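**Q** Structural data only, the sequence is not supplied:
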């Protein structure tokens, strides 16, 4: 089986802390709620009502935030 380099892991908001300790679920929900204002919409994928976080896009977004400050 081959792994594609462009494949991304999509993690449900409620399962995020099973993979990463930060941010806590409440902080992540706040980022999702204000996604259009803070640019976090780049990291979100929606399937119906389910909200998934694109793990790779999340870390890209973090790096972009660090460069702004």
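**A** Okay, I see it. Nothing here was measured: the structure is a model prediction, and the numbers come from that model.
**Q** Need the three-state assignment for the most centrally placed residue in the chain.
**A** Taking C-alpha atoms, centre = their mean as the criterion, residue 53 is the residue nearest the geometric centre of the chain, at 3.4 Å. Put simply, residue 53 is strand when judged by DSSP: H, G, I helix; E, B strand; the rest coil.
**Q** wait, doesn't it sit right on residue 11?
**A** Yes - Residue 53 is within contact range of residue 11, at 5.1 Å (criterion: C-beta atoms under 8 Å). From N, CA and C alone the C-beta is placed, and that goes for glycine too.
**Q** Where does the prediction get shaky in this protein?
**A** 1-6, 69 (pLDDT under 70).
**Q** Can you list the residue ranges for strands in this structure?
**A** 10-12, 44-47, 50-54 (DSSP state E).
**Q** which parts of the longest one are buried?
**A** Under the neighbour-count criterion of 16 or more other C-beta atoms under 10 Å, strand 50-54 has 51-54 buried.
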